[in-house]
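**Student:** got a predicted structure plus its sequence, pasted below:
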Amino acid sequence: MTTQWLEVGEHGEVVVVMKAELKTYYDSLVAERARMKQMIDAEEGERYELSVSTDASDEADKSLLASLREFTITRVDVGRQTLRLIEEALERLNQGAYGSCLNCGEPISPKRLSAIPWARYCVNCQELKEKGLLEDPEEQPAPAV
């Protein structure tokens, strides 16, 4: 599926035009990418603040600080994973492969893409993945050398 094409503008310039239905997904992905980057930056700042904090006077405070650090690290990791999925979705959109399931090739429903514009799989394949019945090549461990 072609997602964009070139046209000549009124002043002779080349203009990239995107199909209207895909423009909505593009806008959502770009907005979510910006939000995710901002969240990651904020969480990393908070993680730094927690790492240099010396206010823990007893074991309970130290334990709480350690838990907060772990929670912040997890949020940053999840944010980075989501950011990677958003970047991949934008690349698929530019390549004309956006909206197709990476496993079966069937279209991903517009309802699913509206909810999760970076979705990689249709609902059926996502369920298989969540049950551990669908292998994701990017999640495979590196071969032993």
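**Tutor:** Thanks, I have it. All of these numbers come straight from a predicted model, not from anything done at the bench.
**Student:** and the residue lying closest to Arg80 once chain neighbours are set aside, how far from Leu29?
**Tutor:** Excluding its sequence neighbours, the residue lying closest to Arg80 (CB to CB, 6 or more residues apart in numbering) is Ile40, at 6.4 Å. Quick note: C-beta positions are derived from backbone N, CA and C, even for glycine. Relative to Leu29, Ile40 is positioned 16 Å away (criterion: CB to CB, to the nearest Å).
**Student:** could you point out which element follows the helix ranked longest in the chain?
**Tutor:** If you go by DSSP state H, the chain has its longest helix at helix 59-95. Counting by DSSP states H and E, the element after helix 59-95 in chain order, helix or strand, is helix 110-115.
**Student:** could I get the buried residue list for that next one?
**Tutor:** Using 16 or more other CB atoms under 10 Å as the test for burial, helix 110-115 gives 112-113.
**Student:** elements contacting the longest helix of the chain?
**Tutor:** helix 20-52 (3 or more CB pairs under 8 Å, 6 or more residues apart in numbering; DSSP states H and E).
**Student:** centre of the chain to the helix it packs on, how far?
**Tutor:** 9 Å (CA atoms, centre = their mean, to the nearest Å).
**Student:** just the mean pLDDT for the helix or strand containing Leu128, thanks.
**Tutor:** Taking DSSP H and E as the definition, Leu128 sits inside helix 123-130. The average pLDDT within helix 123-130 is 96.
**Student:** ok, now stretch 24-44?
**Tutor:** If you average the pLDDT values across stretch 24-44, you get 94.
**Student:** pull out the buried positions in that stretch.
**Tutor:** Taking 16+ other CB under 10 Å as the neighbour-count basis, stretch 24-44 is seen to contain the buried residues 25-26, 28-29, 32-33, 36, 39-40, 43.
**Student:** how about that stretch as PDB, C-alpha atoms only?
**Tutor:** Backbone C-alpha positions of stretch 24-44 (Å, rounded to 0.1, in the frame of the first residue of the first chain) are rendered in PDB as follows:
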ATOM      1  CA  THR A  24      -4.300  10.700  11.500                       C
ATOM      2  CA  TYR A  25      -2.100   7.700  12.500                       C
ATOM      3  CA  TYR A  26       1.000   9.600  11.600                       C
ATOM      4  CA  ASP A  27       0.000  12.600  13.700                       C
ATOM      5  CA  SER A  28      -0.900  10.300  16.700                       C
ATOM      6  CA  LEU A  29       2.500   8.600  16.400                       C
ATOM      7  CA  VAL A  30       4.400  11.800  16.200                       C
ATOM      8  CA  ALA A  31       2.500  13.200  19.200                       C
ATOM      9  CA  GLU A  32       3.000  10.000  21.200                       C
ATOM     10  CA  ARG A  33       6.700  10.000  20.300                       C
ATOM     11  CA  ALA A  34       7.100  13.500  21.700                       C
ATOM     12  CA  ARG A  35       5.200  12.700  24.800                       C
ATOM     13  CA  MET A  36       7.200   9.500  25.400                       C
ATOM     14  CA  LYS A  37      10.500  11.400  25.000                       C
ATOM     15  CA  GLN A  38       9.400  14.000  27.500                       C
ATOM     16  CA  MET A  39       8.300  11.300  29.900                       C
ATOM     17  CA  ILE A  40      11.700   9.500  29.600                       C
ATOM     18  CA  ASP A  41      13.600  12.700  30.200                       C
ATOM     19  CA  ALA A  42      11.500  13.500  33.300                       C
ATOM     20  CA  GLU A  43      11.900   9.900  34.700                       C
ATOM     21  CA  GLU A  44      15.600   9.900  34.000                       C
END
